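Q: sequence unavailable; structure follows:
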């Protein structure tokens, strides 16, 4: 008998139905919704019927949605407050000419931060709704990495960070060119953000059977062990103050994870606090 039919039958004969939600901890924590009722309706109770529904995934999705709304609101409110405050100051008072550029710079910087955040949210939304329309083809990933690294060269020079690309003899891989470029861009941006002056960043390509392993390693500040499982969550930051100061939206690694999965792979991370971090994933040889 189905859970629905059993519950419907119980409703017809029961004097009362008890509804409870409970958490069961076994190998994994599960959330169960229980409907229980005694029968028959009249006379001594002959027994109790209980129906359990596993609502773990529903509750997890609800929590993710609530966290996302709260985090997105907070991330947008912070730059919006700065923009409004400085704009009000400019419109309601006479600002000394020597301070005008500073005020305008704050407004422009925070407006750009909001724009970047919205762009990342839209990108993540497209990926998660399978609207990314990935176009798989044969891609020279070494050359593409060189192109992306060249775009980041001024940023790495500014931080006195050295970059090296290894594995120029690897074959072309089957992937989406734009998705792969965005993955490498986000990983290099992440390495630049969390590396101190004089650090080293290495991008390695290594053939492993019919796949190529792509890894990005830095000798930066590293990630605490307790944070490793959460760094791919939306808006999660290990060092929130440093991330915001450096322009991070908190969505880059979440975008990386979803794009890598969309290309049929998984991304792994290894890190040691104070010594550096390695991200790696695999692509099929074309």
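A: Received, thanks. Bear in mind that the values here come from a model prediction, so they are computed numbers and not experimental data.
Q: residue 200 versus residue 163, what's the distance?
A: Going from residue 163 to residue 200 by CB to CB, to the nearest Å gives 8 Å. Placement of C-beta: from N, CA and C, glycine included.
Q: more neighbours: the two, which one.
A: Counted by other CB atoms under 10 Å, residue 163 and residue 200 do not tie: residue 163 has more neighbours, with 21 against 15.
Q: wait, is residue 284 part of a helix?
A: No: going by DSSP: H, G, I helix; E, B strand; the rest coil, the assignment for residue 284 is strand, not a helix.
Q: what's the closest non-adjacent residue to it?
A: residue 174 (4.7 Å; CB to CB, 6 or more residues apart in numbering).
Q: contacting residues around that neighbour?
A: With contact taken as CB atoms under 8 Å, 6 or more residues apart in numbering, residue 174 is in contact with 136, 137, 138, 139, 283, 284, 285, 286.
Q: SS state for it?
A: Residue 174 - assigned by three-state DSSP - is strand.
Q: mind listing the residues bridging to it?
A: Here residue 174 shows beta-bridge partners residue 138, residue 284, assigned using DSSP bridges.
Q: please report how far it lies from residue 89.
A: 54 Å.
Q: show me this structure divided up by domain.
A: Taking automatic domain parsing as the reference, the chain has its domains at 3-54, 59-128, 136-285.
Q: by mean pLDDT, show me the worst of the ones you listed.
A: With a mean of 72, domain 3-54 has the lowest mean pLDDT of those.
Q: mind listing the strands for the protein?
A: Under the criterion DSSP state E, the chain contains strands at 17-25, 29-39, 47-54, 136-139, 162-166, 173-176, 200-208, 211-218, 268-272, 276-285.
Q: the second one: how far from the chain's middle?
A: Its chain's C-alpha centre lies 34 Å from the corresponding centre of strand 29-39 when counted by CA atoms, centre = their mean, to the nearest Å.
Q: give the pairing partners of it; include direction for each.
A: Strand 29-39 has its sheet partners listed here by DSSP bridges as strand 17-25 (antiparallel), strand 47-54 (antiparallel).
Q: reformat those as TSV; add distance to residue 62 and mean neighbour count.
A: TSV is the format used below for these (distance: least, CB to CB, whole Å; neighbours: other CB atoms under 10 Å):
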stretch	distance to residue 62	mean neighbour count
strand 17-25	12	11
strand 47-54	14	13
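Q: closest to residue 94 out of those?
A: strand 17-25 (60.1 Å; CB to CB).
Q: check which residues of stretch 33-41 are buried.
A: Buried residues in stretch 33-41, counting neighbours by 16 or more other CB atoms under 10 Å, are found at 33, 35, 36, 37, 38, 39.
Q: likewise stretch 51-67?
A: Quick answer for stretch 51-67 (16+ other CB under 10 Å): 51, 56.
Q: quick one: that stretch to chain centroid distance?
A: On CA atoms, centre = their mean, the centre of stretch 51-67 falls 19 Å from the chain's centre.
Q: can you check what angle separates the longest helix along the chain from strand 17-25?
A: Determined from DSSP state H, the single longest helix within the chain is helix 56-92. With axes from the mean of the first three to the mean of the last three CA atoms, to 10 degrees as the basis, helix 56-92 and strand 17-25 are set at 80 degrees to each other.
Q: in terms of secondary structure, what does helix 56-92 contact?
A: strand 29-39, helix 97-128 (3 or more CB pairs under 8 Å, 6 or more residues apart in numbering; DSSP states H and E).
Q: what angle sits between that helix and helix 97-128?
A: Going by the same axes, to 10 degrees, helix 56-92 makes 160 degrees with helix 97-128.
Q: how far away from the center of its chain is helix 56-92?
A: Chain-centre distance of helix 56-92: 16 Å, with CA atoms, centre = their mean.
Q: and if you look at stretch 278-286?
A: Stretch 278-286 sits 19 Å away from the centroid of its parent chain (CA atoms, centre = their mean).
Q: that stretch: which residues count as buried?
A: 279, 280, 281, 282, 283.
Q: contact partners of that stretch?
A: With CB under 8 Å, 6+ apart as the contact definition, stretch 278-286 has outside contacts at 137-139, 141, 171-175, 180, 183, 187, 190, 207-208, 210-218, 256, 260, 263-271.
Q: 7 Å instead, please
A: 138, 141, 171-175, 187, 210-217, 260, 263-270 (CB atoms under 7 Å, 6 or more residues apart in numbering).
Q: how about stretch 157-171?
A: Contacts for stretch 157-171 (CB under 7 Å, 6+ apart): 142, 145-146, 149, 156, 192, 195, 197-207, 212, 285-286.
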